[in-house]
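**Student:** build me a model:
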Amino acid sequence: MHEMNSTMVRNMTSCWSRVGVTARVLVLTVAFVVAFIVPAAAQTVQTSEYGYPLKHAPRPTTAAITMEDLMTRLYIFADDSMQGRQTGRVGNMKGTAYIARELERIGLRPAGDDGSFFQALPYSVRRYTDGSTLSVNGRALGWNTDWLAVPSRTPPLRIANAQVIYGGIAGDTTQQITSQQAMGRLVLLSPGAQGGRGGRGGGRRGGGAPANRFANAAAVATVDLDNLSPAARALVNDPAGQLDNPQNATTPEPGPANLRITAAAAAILLGRNVEGAAPGTTGGTVSGRLDYVVQPVPEYGRNVVAILPGSDPVLRNQYVAIGAHNDHVGYTANAVDHDSLRAFASARLARQIQGGELRSATADDLASIRVNVDSLRRIRPARPDSIRNGADDDGSGSMAVLEIAEALAAMNPRPRRSILFVWHTGEESGLSGSRWYVQNPTVARDSIVAAINIDMIGRGRATDLPGGGDDYLAVVGSDSLSNDLGDIVRGLNQRQSRPFRLDYRFDRPTDWPGYNNIYNRSDHANYARSGIPIAFFFTGLHQDYHQVTDEPQYIDYPHYTAITRYIGDLMVQIGNRAQRPAVKGPVSNQ
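**Tutor:** Residues are numbered from 1 along each chain as shown. Model (predicted):
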């Protein structure tokens with residue numbers, strides 16, 4: 001397989017080599033043909049252009065850090081069955097359950113809640129049941145066929161004998177009725193320019209009726225349900241769980257329900273077609289029963305925490321933390337064509353990195369690209385895809401941490417300090433899992449001597465980012481709190497048989513256009529804010545970032561393996577040092 005053969009795993013002087021074994025469908029009509037080159041042998045087995053298959057049969061893992069182990073783990077963790085591992089959904093529960101099963105098999109000590117590997121966050125799902133009803137002048141409208149209610153944190157007001165009134169255009173206050181006119185009524189709104197697009201999350205409109213002039217309405221109904229596919233409609237009332245604040249457990253005051261209805265249902269409510277109606281036009285009388293339920297689902301959003309006890313009777317009371325995030329961004333309501341999407345994104349990225357720096361794609365760039373769908377179909381059948389698997393983000397980091405855990409557990413002797421393993425949830429929704437852990441640590445916070453974070457270390461090819469290659473590795477923040485830790489990172493790298501080109505540019509906010517505020521966008525930031533020295537490793541953003549195309553078949557496994565071995569060595573070195581990394585002062589908010 002040509003990428004695997006041309007980029008071999010480094011012959012590193014690593015302890016791990018010595019450990020014993022035990023769109024809508026995307027149809028693009030702009031001008032320029034993308035070459036989609038796949039080795040001839042790959043055409044029969046349906047591999048990626050790098051020689052890796054869509055599916056990979058799992059094999060027993062070993063105590064060594066190997067490419068085969070990482071492939072087995074990542075193909076499991078980023079499989080479609082994990083549904084994109086979105087925090088607040090069942091897919092995240094599946095992903096964290098896999099990690100916990102492996103930790104139990106490896107023999108690590110649970111360090112979560114109540115003797116388990118899980119530290120549950122207070123997530124709850126809020127939805128309406130299909131027993132919800134709505135009728136106008138005694139005529140019942142059909143749930144899901146005529147109307148839906150959009151769940152939010154706010155329970156709905158009761159709808160009883162509320163008059164229907166046409167309120168105007170959603171989002172356009174110049175063409176809406178007044179707050180006084182809306183009071184106690186069911187307000188119908190025509191969709192605005194951004195309304196009614198049933199894309200991500202089923203086109204949910206932010207959860208909640210408008211908070212300004214319609215706050216005193218009985219309900220607000222936007223006439224845009226026709227635009228949603230059946231799959232998108234299903235997602236409207238199947239939201240991801242929301243993180244609750246346990247310090248504010250009071251139920252919010254009821255507010256006007258946020259409804260989505262069809263044009264036909266709107267005509268029944270108003271007694272005429274909405275199109276052409278003047279704001280203030282009144283209609284029938286509506287009553288309804290909105291069956292709103294709140295279901296706690298802590299298993300849908302949980303950190304996974306484990307400890308490998310240190311071998312030194314004194315230093316084992318200190319911890320070197322290593323973490324990654326177990327979540328990704330779930331799935332979409334509507335499938336896109338996987339291969340044409342990726343071919344277009346790859347062609348666009350190739351133009352963006354010309355000249356050695358990432359730049360924005362111009363209109364001319366986009367207009368010059370066309371995907372030859374017929375050529376793609378000769379390689380493989382169409383593959384509609386709606387799952388954002390998160391193989392690199394952050395399957396690569398999560399499975400590297402798990403592989404390091406198995407290797408360290410097999411060492412004899414083990415590192416002198418204890419190793420704290422944390423797979424954080426909710427990174428994609430605002431670093432909530434790492435914030436929760438730092439605020440509610442399962443070991444003494446001041447006993448954590450350093451925190452190593454891994455997020456997206458599976459790529460970094462020259463075709464993925466400017467300056468990429470099989471020796472590329474970005475390190476962020478290793479000197480921000482501790483020059484000592486930064487020296488450890490550099491010194492260990494220099495002792496490798498083939499050192500990485502460590503990229504420190506992400507520590508410099510104004511020096512180059514690719515900065516992207518990376519320092520504050522992953523879980524290490526919460527540890528640093530608590531005064532814990534951090535080092536964050538990743539291999540850059542790429543064309544598959546947050547897309548359905550972030551799949552295991554596109555990972556650079558030799559490069560990924562080399563990075564994992566290096567970080568494993570780093571954990572051993574920090575774990576065995578006589579002194580903890582010296583802290584120089586509070587972290588700056590970069």
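
**Student:** alpha carbons only for contacts and neighbour counts from here, please
**Tutor:** Noted.

**Student:** how about the strand ranked longest in the chain: buried residues?
**Tutor:** Using DSSP state E, we find that the single longest strand of the chain is strand 159-169. Neighbour counts over strand 159-169 (16 or more other CA atoms under 10 Å) mark I159, A160, N161, A162, Q163, V164, I165, Y166, G167, G168, I169 as buried.

**Student:** beta-bridge partners for Y292, please?
**Tutor:** Y128 (DSSP bridges).

**Student:** re the thing from before, contacts for the longest strand of the chain, please.
**Tutor:** Here strand 159-169 makes contact (CA atoms under 8 Å, 6 or more residues apart in numbering) with 175-177, 182, 184-192, 218-219, 269-270, 274, 277-289.

**Student:** ok, back up a step: out of the buried residues of strand 159-169, who's nearest P298?
**Tutor:** Relative to P298, the closest of the buried residues of strand 159-169 is I159; by CA to CA it sits at 31.6 Å.

**Student:** could I have the buried ones of the contacts of strand 159-169 as PyMOL selection syntax?
**Tutor:** Paste this into PyMOL to select the buried members of the contacts of strand 159-169, with burial taken from 16+ other CA under 10 Å:
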select buried, resi 176+177+182+184+185+186+187+188+189+190+191+218+219+269+270+274+279+280+281+282+283+284+285+286+287+288
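
**Student:** okay, and which of the contacts of strand 159-169 map to helices?
**Tutor:** A182, L269, L270 (DSSP state H).

**Student:** where does this structure dip in pLDDT?
**Tutor:** Within the chain, the set of residues satisfying pLDDT under 70 comprises 1-45, 193-211, 247-249, 510-513, 585-590.

**Student:** what do you get if the cut-off is 80, keeping everything else the same?
**Tutor:** Applying pLDDT under 80 to the chain picks out residues 1-45, 193-212, 245-251, 355, 357, 373, 379, 509-515, 585-590.

**Student:** break it into its domains for me.
**Tutor:** 57-121+301-339+382-576, 125-295 (automatic domain parsing).

**Student:** just want the most central residue of this structure.
**Tutor:** Centroid-nearest residue in the chain: H328, 2.4 Å away (criterion: CA atoms, centre = their mean).

**Student:** touching, that residue and M82? I think so.
**Tutor:** No. H328 is beyond contact range of M82, at 10.0 Å (criterion: CA atoms under 8 Å).

**Student:** overlap of the contact sets of the two?
**Tutor:** N389.

**Student:** hang on, the earlier thing: extract the C-alpha set from the longest strand of the chain and format it as CSV.
**Tutor:** Taking C-alpha atoms only, strand 159-169 is exported to CSV below (Å, rounded to 0.1, in the frame of the first residue of the first chain):
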residue,chain,number,x,y,z
ILE,A,159,-52.0,26.8,25.3
ALA,A,160,-55.7,27.2,26.1
ASN,A,161,-58.1,29.1,23.8
ALA,A,162,-55.3,31.2,22.3
GLN,A,163,-56.2,33.3,19.3
VAL,A,164,-54.0,32.9,16.2
ILE,A,165,-52.4,36.0,14.8
TYR,A,166,-50.0,36.5,11.9
GLY,A,167,-46.9,38.1,13.3
GLY,A,168,-44.8,38.9,10.2
ILE,A,169,-41.4,37.7,9.2
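
**Student:** which stretches in the stretch 451-590 of the chain count as helices?
**Tutor:** Along the stretch 451-590 of the chain, counting by DSSP state H, counting those that start in this stretch, helices occupy 483-494, 524-529, 557-576.

**Student:** check contacts around I99.
**Tutor:** Counting by CA under 8 Å, 6+ apart, I99 has contacts V304, L402.

**Student:** any idea how far the longest strand of the chain is from the chain center?
**Tutor:** 38 Å (CA atoms, centre = their mean, to the nearest Å).

**Student:** contacting residues around the nearest residue to T425 once chain neighbours are set aside?
**Tutor:** Sequence neighbours aside, G433 is the residue nearest to T425 in space, at 4.6 Å (criterion: CA to CA, 6 or more residues apart in numbering). By CA under 8 Å, 6+ apart, the contact set of G433 is L121, R302, N303, H424, T425, G426, E427.

**Student:** same question for A218.
**Tutor:** L157, R158, I159, A162, M183, G184, R185, L186, V187, G255, P256, A257.

**Student:** for those, which one is nearest D484?
**Tutor:** Taking these together and measuring to D484 by CA to CA, the closest member is G255, at 54.3 Å.

**Student:** bridging residues for that closest one?
**Tutor:** P156.

**Student:** count the residues that sit near it.
**Tutor:** 22 (other CA atoms under 10 Å).

**Student:** next: the one 5 residues further on.
**Tutor:** When neighbours are counted by other CA under 10 Å, R260 registers 28.

**Student:** residue contacts, it?
**Tutor:** W147, L148, A149, V150, A221, T222, V223, D224, L225.

**Student:** got these as JSON lines, with secondary structure and distance to V294 columns?
**Tutor:** Below are the contacts of R260 laid out as JSON lines (DSSP: H, G, I helix; E, B strand; the rest coil; distance: CA to CA, whole Å):
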{"residue": "W147", "secondary structure": "strand", "distance to V294": "21"}
{"residue": "L148", "secondary structure": "strand", "distance to V294": "17"}
{"residue": "A149", "secondary structure": "strand", "distance to V294": "14"}
{"residue": "V150", "secondary structure": "coil", "distance to V294": "13"}
{"residue": "A221", "secondary structure": "strand", "distance to V294": "22"}
{"residue": "T222", "secondary structure": "strand", "distance to V294": "24"}
{"residue": "V223", "secondary structure": "coil", "distance to V294": "26"}
{"residue": "D224", "secondary structure": "coil", "distance to V294": "26"}
{"residue": "L225", "secondary structure": "helix", "distance to V294": "24"}
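
**Student:** M71: neighbour count?
**Tutor:** 25.

**Student:** what's the answer for P466, then?
**Tutor:** By other CA under 10 Å, 20 other residues sit near P466.

**Student:** just confirm it contacts R359, I think it does.
**Tutor:** No. At 10.0 Å, P466 does not count as touching R359 under the criterion of CA under 8 Å.

**Student:** overlap in contacts of those two?
**Tutor:** With CA under 8 Å, 6+ apart as the test, P466 and R359 both reach I353.

**Student:** check which helix or strand covers V443.
**Tutor:** Assigned by DSSP states H and E, V443 belongs to no helix or strand.

**Student:** let's have the helices of the stretch 451-590 of the chain in CSV, adding mean neighbour count and distance to P298.
**Tutor:** Output for the helices of the stretch 451-590 of the chain, formatted as CSV (neighbours: other CA atoms under 10 Å; distance: least, CA to CA, whole Å):
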stretch, mean neighbour count, distance to P298
helix 483-494, 17, 35
helix 524-529, 23, 21
helix 557-576, 23, 31
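
**Student:** tell me which of those sits nearest to Q318.
**Tutor:** Among the helices of the stretch 451-590 of the chain, helix 557-576 comes nearest to Q318, with 8.8 Å by CA to CA.

**Student:** give me the distance from that closest one to the chain's centre.
**Tutor:** 24 Å.

**Student:** which strands or helices does that helix pack on?
**Tutor:** helix 67-77, strand 319-325, helix 397-409, strand 418-424, helix 483-494 (3 or more CA pairs under 8 Å, 6 or more residues apart in numbering; DSSP states H and E).

**Student:** now the ones you listed as JSON lines including distance to A451?
**Tutor:** Converted to JSON lines, the helices and strands packed on helix 557-576 look like this (distance: least, CA to CA, whole Å):
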{"stretch": "helix 67-77", "distance to A451": "22"}
{"stretch": "strand 319-325", "distance to A451": "5"}
{"stretch": "helix 397-409", "distance to A451": "12"}
{"stretch": "strand 418-424", "distance to A451": "9"}
{"stretch": "helix 483-494", "distance to A451": "10"}
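
**Student:** which one of the ones you listed lies closest to L308?
**Tutor:** Of all the helices and strands packed on helix 557-576, strand 418-424 comes closest under CA to CA, at 5.1 Å.
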